[in-house]
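Q: this one's structure only:
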């Protein structure tokens, strides 16, 4: 049985108390549902001496706003709540679908949207017990010097496997981060870096406070996920797409984002360019799918053969766009 290392638990009641505690304690990590942090601690991938629980901060568990003005989702809202919220299901179905596809019901009841958006990058050589990793002399992401996915590479290739992140980037959502220096609001796309170790563009003490959905309007979005089993598994490919439509059905703007093929949610502007200014018909859908296929370069860091995973990019982009064309 894997056991948690010793740590001190701190339970602030406000966002301000939480960020001050992090600044004062130094060696600390925030935790909400704990479905990512605690397994990582058991495997000794992360070993903070202090854990700051966000469970008692009411501000983080609220959903407010309207589809006409935009919706604010507290980072502590559980994935189950998000997947079942009537307003989200009706006006932001891609957000609800992505939340519903994470793991299993028990973990969705615990896990939060904030935790999913900040999910640690994953890799076949990293997500193992301490003893397993020690036997291969560890890896670049933790305790070692070599990325076993690409041993000659100077960087870590662990992959971003969040379901919520590609959707957040595709729909143009924004995020609010807080620290002792104040709060800032950034596009979701600005949060992620294409580096398996330094995968988030935020300061260590910053706390994700809210997930801000844009006003609903003449746009539609969807999310499709590939995994070995129909439940529980992380994605080996995620496709999030948002399309804006003119009254005559012509696509006026598009954003297509791939998950689980890079260390960040990978936007493919070439695929979007293939359909903007055109009706969404089989010809333009095929062109967009082909454009998404070309830059996708899966590596040996998740399940399934590489060539097949790359081919599935073409298939899943086509499926996502065909859904939006209905």
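A: That came through fine. Note that the structure is a prediction, hence the values are computed from the model and not measured.

Q: quick one, helices of the stretch 201-326 of the chain?
A: Ranges of helices in the stretch 201-326 of the chain, per DSSP state H, counting those that start in this stretch, are 269-273, 282-293, 306-325.

Q: confirm residue 96 sits in a helix?
A: Yes. Judged by DSSP: H, G, I helix; E, B strand; the rest coil, residue 96 forms part of a helix.

Q: that one: neighbour count?
A: Residues lying near residue 96 (other Cβ atoms under 10 Å) number 22. Using the backbone N, CA and C atoms, a C-beta is placed for each residue, glycine as well.

Q: contact partners for it?
A: Contact analysis of residue 96 by Cβ atoms under 8 Å, 6 or more residues apart in numbering lists 82, 83, 84, 85, 88, 89.

Q: go through those and name the one nearest residue 32.
A: Nearest to residue 32 among those is residue 82, at 12.9 Å by Cβ to Cβ.

Q: what does the pLDDT read for the closest one?
A: Note on residue 82: pLDDT of 98.

Q: repeat for residue 119
A: As predicted, residue 119 sits at a pLDDT of 98.

Q: isn't it up against residue 166?
A: No. If you go by Cβ atoms under 8 Å, residue 119 and residue 166 don't touch, sitting 11.5 Å apart.

Q: quick one: the helices in the stretch 1-150 of the chain?
A: All helices of the stretch 1-150 of the chain, identified by DSSP H, counting those that start in this stretch, fall at 15-25, 37-42, 79-84, 86-91, 93-100, 105-110, 113-117, 130-135.

Q: any idea which of those helices gets closest to residue 209?
A: The nearest among those, by Cβ to Cβ, is helix 15-25 at 5.9 Å.

Q: residues contacting that closest one, please?
A: 10, 12, 28, 30, 49-50, 52, 54, 57, 59-60, 178-180, 204-207, 209.

Q: residues near residue 55, how many?
A: 14.

Q: which residue sits closest to it, ignoring its sequence neighbours?
A: In space, and not counting its chain neighbours, residue 55 is closest to residue 32: 6.8 Å by Cβ to Cβ, 6 or more residues apart in numbering.

Q: not counting sequence-adjacent ones, nearest residue to the residue of the chain most remote from its centre?
A: The outermost residue of the chain, judged against the average C-alpha position, is residue 248 (33.4 Å), by Cα atoms, centre = their mean. Of all residues not flanking residue 248 in the chain, residue 279 sits nearest, at 8.0 Å (Cβ to Cβ, 6+ apart).

Q: isn't that neighbour up against residue 249?
A: Yes. Using Cβ under 8 Å, residue 279 is in contact with residue 249, at 5.3 Å.

Q: the more surrounded of the two?
A: residue 279 (14 against 11).

Q: the more buried one bridge partners, please.
A: residue 250 (DSSP bridges).

Q: could you report the pLDDT at it?
A: Residue 279 is given a pLDDT of 96.

Q: residue contacts, it?
A: 248, 249, 250, 251.

Q: tell me which of those is nearest to residue 213?
A: For the contacts of residue 279, the minimum distance to residue 213 (Cβ to Cβ) is 20.9 Å, reached by residue 251.

Q: distance of that closest one from residue 126?
A: For residue 251, the distance to residue 126 equals 39 Å [Cβ to Cβ, to the nearest Å].

Q: low pLDDT regions in the stretch 151-300 of the chain?
A: Low-confidence segments of the stretch 151-300 of the chain, defined by pLDDT under 70, are absent.

Q: show me the strands in it, by range?
A: 174-179, 182-187, 207-213, 219-226, 237-245, 251-259, 266-267 (DSSP state E, counting those that start in this stretch).

Q: quick one: list the elements packing against the fourth one.
A: In other words, strand 219-226. Judged by 3 or more Cβ pairs under 8 Å, 6 or more residues apart in numbering; DSSP states H and E, the packing partners of strand 219-226 are helix 93-100, helix 164-171, strand 237-245, helix 306-325.

Q: partner strands of that strand, parallel or antiparallel?
A: strand 237-245 (antiparallel).

Q: next, the angle from the strand it pairs with to helix 93-100.
A: With axes from the mean of the first three to the mean of the last three Cα atoms, to 10 degrees defining the directions, strand 237-245 sits at 160 degrees from helix 93-100.

Q: follow-up on the earlier one: can you lay out the contacts of residue 96 as JSON lines showing neighbour count?
A: Formatted as JSON lines, the contacts of residue 96 follow (neighbours: other Cβ atoms under 10 Å):
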{"residue": "82", "neighbour count": "25"}
{"residue": "83", "neighbour count": "20"}
{"residue": "84", "neighbour count": "14"}
{"residue": "85", "neighbour count": "19"}
{"residue": "88", "neighbour count": "23"}
{"residue": "89", "neighbour count": "16"}
